[in-house]
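J.: okay, sequence plus prediction incoming.
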Amino acid sequence: MNQRPNILFIMSDQHNANSAGFAGHPNVRTPHLDALAAQSVRFNKAYCNNPICSPSRVCFITEQYAHTHQIVGNNNFELEENNPNTLGAVLRRHGYQTAMIGKDHTVQRWDDEAYEHIRYVDLTDASRLDPRTNHYFQYLIDHGVADLYEDGTLPPDHENNTRGCAIAKLPYEHTNEHYTGEESLKFLQNRDKCRPFYLQMSFERPHPNWMPSPEHANLYNPDEIELGEDAVDWWENQWAGRPEFIQQMVARLMKNRSQQDLKRMLAYHFALITVIDMEIGRVLDYLRETGEIENTIIVYTADHGDFAGEHGICNKNIGIYESIHHIPLLLHYPGGPQGKAVDGIVESIDLFPTLCELADVPAPPTCEGNSLIPVAGDTSAGKPFALCEWDFPAPQRFVNALRTPRFRLVYYGHEKGGELYDHETDPYEMRNLWDDADYQTTRMELTEVLFDQVNKYHRKSDFDKDSIKGAARRLSPTALIHKGCRKWSDIAETAGIESQ
């Protein structure tokens, strides 16, 4: 029997599906991902099942919708529960040497069971009592640059907060992108060659803060950034037609911002995408040089999107629109189609059973996803809809969305109403048809489908629990650095810890 294929699962954080060369973006340069796309199946209508980091990632690794796995909050690292059926745990039991390098943002106990080798990057993956439990932060301490950490909440007067972006103080050699690339290469170079590998290479950005290193801050000229025709949605229409609270959220986000400010922010945002592409290229080059790439399944995706200039704005946490729900998804596998694009709807929960099928590993009975191989091979047209479920602070609270081949329905609740878009006539989702008399039958039919999906909603983790945990741990060393704008040297001195 031939050895099972290796698996390289690459994820970035908050990457708009259109912000890549292979997606036809007029500005963003992603030469290594473009080359991968030319050798892969590209799923043009791939969607995440939750629009924020942690619960979306849980959907990926459990192959379950949020209403099943019940984790819709973001503060989950210290949850005291086990899960033997995550993707990494299943592959590990079937002989894979497993590694997590980068941002995981799920549950530590799950990771301990799933991965033989871990190198965390984001402080969401650290004990609240000690930021040194995060491998990248310990690396910064070891190199004497921990006080230059800028990947968490920054002081109110920091340039990133006043201008929406800034140039980082850390040189590129100490950035989280370079660390993720270096540690991924180290794992591959030192792995057990007698076993196939499963490597999740997970980048913390282009999630804000949008702060490229000095070496890469000038990769894009803001004056050359092209805004799409839907930019008028904010700059001329002020997001007219949406619920009032949505309009207010956008107004707060874009307060005192000019189009030039937006272009500067996008220039730095795109720079982060390009350096992530560069680190991906280093790993892919290594696999080619060692002859491993021919026996390696490669996935590129993101946990969710970003407006990234669409609708004239940036960032996320506003509704569930195509910009946020839609994700990039490339799948390369031995013997698979190359340079092929498919338009069937697929979801993030479908990736787990796909990898199990390709690796000849049985998927657990808890699976709610479908393998992507029939869609890639044109024997399936994809799903009738993609579901996205979200818990958010008031006034939104529980928000759910449905994307069919033609329509998007977003439901906020009886009092707040919702949104309905017809992609056949409105591909940019600029005309809300929720109250349009001609679309009431469609609205009711889609709402019924949506309710059938989410009516058994239970929560182990949600925004309220996040707030309670955050309040209880607000003065912990990790929280003070990550969210409290404090420096490592100050924390270490107060706690009586050696800062070096």
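T.: On my side now, so go ahead.
J.: Asn50 and Leu387 touch, don't they?
T.: No. Counting by Cβ atoms under 8 Å, Asn50 sits too far from Leu387 to count as a contact (9.5 Å). C-beta: built from backbone N, CA, C; applies to glycine.
J.: state which strand of the protein is the longest.
T.: The residue-count maximum for a strand in the chain (DSSP state E) belongs to strand 197-206.
J.: what sits up against the next helix-or-strand element following that one?
T.: For strand 197-206, the following helix or strand on the C-terminal side (DSSP states H and E) is helix 232-235. Contact partners of helix 232-235, identified using Cβ atoms under 8 Å, 6 or more residues apart in numbering, comprise 239, 250, 254, 259, 311-313, 428, 430.
J.: what pLDDT, on average, does stretch 489-497 get?
T.: Mean pLDDT, computed over stretch 489-497, is 78.
J.: quick check: beta-bridge partners of Asp391?
T.: Phe398 (DSSP bridges).
J.: quickly find the element holding the residue nearest to Asp303 when sequence neighbours are not counted.
T.: Computed as Cβ to Cβ, 6 or more residues apart in numbering, the closest residue to Asp303 that is not its neighbour in sequence is Ser56, at 4.3 Å. Taking DSSP H and E as the criterion, Ser56 maps to helix 53-62.
J.: mind exporting that helix as PDB, just the C-alpha atoms?
T.: Provided in PDB are the C-alpha atoms of helix 53-62 (Å, rounded to 0.1, in the frame of the first residue of the first chain):
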ATOM      1  CA  CYS A  53     -12.200  33.900  14.000                       C
ATOM      2  CA  SER A  54     -12.600  31.300  16.600                       C
ATOM      3  CA  PRO A  55     -16.100  29.800  15.900                       C
ATOM      4  CA  SER A  56     -15.300  29.800  12.200                       C
ATOM      5  CA  ARG A  57     -12.100  27.800  12.800                       C
ATOM      6  CA  VAL A  58     -14.100  25.400  15.000                       C
ATOM      7  CA  CYS A  59     -16.400  24.800  12.100                       C
ATOM      8  CA  PHE A  60     -13.400  23.900   9.900                       C
ATOM      9  CA  ILE A  61     -11.800  21.500  12.300                       C
ATOM     10  CA  THR A  62     -15.000  19.800  13.600                       C
END
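J.: for the contacts of helix 232-235, which one is nearest Asp111?
T.: Ile313 (34.3 Å; Cβ to Cβ).
J.: how many other residues sit next to Gln338?
T.: Burial of Gln338 is recorded as 10 neighbouring residues (other Cβ atoms under 10 Å).
J.: I figured Val72 was touching Lys465, is that so?
T.: No. Taking Cβ under 8 Å as the definition, Val72 is not a contact partner of Lys465, at 9.5 Å.
J.: contacting residues for Leu329?
T.: 42-43, 46, 299-301, 346, 351.
J.: can you count the residues close to the nearest residue to it once chain neighbours are set aside?
T.: Take Leu329 and drop its neighbours on the chain: the residue closest to it by Cβ to Cβ, 6+ apart is Ala46, 3.6 Å away. Ala46 has 28 neighbouring residues, counting by other Cβ under 10 Å.
J.: check Gly339 too.
T.: Counted with other Cβ under 10 Å, Gly339 comes out at 11.
J.: likewise for Leu475?
T.: 11.
J.: what about the strands in the stretch 151-300 of the chain?
T.: Under the criterion DSSP state E, counting those that start in this stretch, strands of the stretch 151-300 of the chain are mapped to 197-206, 296-302.
J.: so what strands line up beside the first one?
T.: Put plainly, it is strand 197-206. strand 6-13 (parallel), strand 97-102 (parallel).
J.: now these as a markdown table including distance to Pro374?
T.: Below are these laid out as a markdown table (distance: least, Cβ to Cβ, whole Å):
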| stretch | distance to Pro374 |
| --- | --- |
| strand 6-13 | 19 |
| strand 97-102 | 27 |
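J.: and the ones you listed as a markdown table, adding mean pLDDT?
T.: A markdown table is the format used below for the strands paired with strand 197-206 (pLDDT from 0 to 100):
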| stretch | mean pLDDT |
| --- | --- |
| strand 6-13 | 98 |
| strand 97-102 | 98 |
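J.: mind listing what Pro26 touches?
T.: Contacts of Pro26 by Cβ under 8 Å, 6+ apart are Glu226.
J.: hang on, it in a helix?
T.: No. Pro26: not assigned to a helix; according to DSSP: H, G, I helix; E, B strand; the rest coil it is coil.
J.: can we start the residue count at 503 from this point?
T.: All set: I'll call the first residue 503, so the last point we hit is now Pro528.
J.: mind checking pLDDT for it?
T.: Confidence score, pLDDT, at Pro528: 97.
J.: can you tell me the SS state at Leu889?
T.: Leu889 ends up strand, using three-state DSSP.
J.: so which strand or helix has the closest residue to it other than its chain neighbours?
T.: Of all residues not flanking Leu889 in the chain, Gln955 sits nearest, at 5.3 Å (Cβ to Cβ, 6+ apart). If you go by DSSP H and E, Gln955 is part of helix 942-956.
J.: for that helix, buried residues please.
T.: 944-945, 948-949, 952, 956 (16 or more other Cβ atoms under 10 Å).
J.: A strand includes Phe809, no?
T.: No. Looking at Phe809 with three-state DSSP, it is coil, so not inside a strand.
J.: now do it against His828, distance only.
T.: Going from Phe809 to His828 by Cβ to Cβ, to the nearest Å gives 11 Å.
J.: of Val574 and Lys967, who's got more company?
T.: Val574 (28 against 19).
J.: residues in contact with the more buried one?
T.: Going by Cβ under 8 Å, 6+ apart, the list of residues near Val574 reads 552, 557, 568, 891-893, 961, 963-965.
J.: which of these ranks first by neighbour count?
T.: Taking other Cβ under 10 Å as the neighbour criterion, Pro557 ranks highest of the contacts of Val574 with 29 neighbours.
J.: nearest residue to it other than its sequence neighbours?
T.: That would be Val574: by Cβ to Cβ, 6+ apart, it lies 4.8 Å from Pro557.
J.: need the phi and psi values for that neighbour.
T.: Backbone torsions of Val574, given as degrees, to the nearest 10, read phi -120, psi 0.
J.: so how far is Gly871 from it?
T.: Counting by Cβ to Cβ, the gap from Val574 to Gly871 is 18 Å.
J.: who's in contact with stretch 923-939?
T.: Here stretch 923-939 has contacts from 730-732, 735, 739, 743-744, 812-813, 823-824, 907-910, 919-922, 941, 945, using Cβ under 8 Å, 6+ apart.
J.: try 7 Å this time
T.: When contacts are defined by Cβ atoms under 7 Å, 6 or more residues apart in numbering, stretch 923-939 is touched by residues 732, 735, 743-744, 823-824, 908-910, 919-922, 941, 945.
J.: buried subset of those?
T.: Neighbour-count burial (16+ other Cβ under 10 Å) applied to these gives 732, 735, 743-744, 823-824, 909-910, 919-922, 941, 945.
J.: of the residues you listed, closest to Leu656?
T.: Among those, and counting by Cβ to Cβ, the member closest to Leu656 is Tyr823, at 26.7 Å.
J.: okay, and Leu833 sits in which element?
T.: Going by DSSP H and E, Leu833 is in strand 831-834.
J.: who does that strand pair up with?
T.: According to DSSP bridges, strand 831-834 forms sheet pairs with strand 543-549 (antiparallel), strand 798-804 (antiparallel).
J.: right, and those - which one's nearest Arg594?
T.: Nearest to Arg594, of the strands paired with strand 831-834 and by Cβ to Cβ, is strand 798-804 at 16.0 Å.
J.: quick one: closest of the strands of the stretch 653-802 of the chain to Ala903.
T.: strand 798-804 (17.2 Å).
J.: what sits up against the closest one?
T.: With contact meaning Cβ under 7 Å, 6+ apart, strand 798-804 is reached by 507-517, 535, 538, 789, 829-835, 853, 857, 860.
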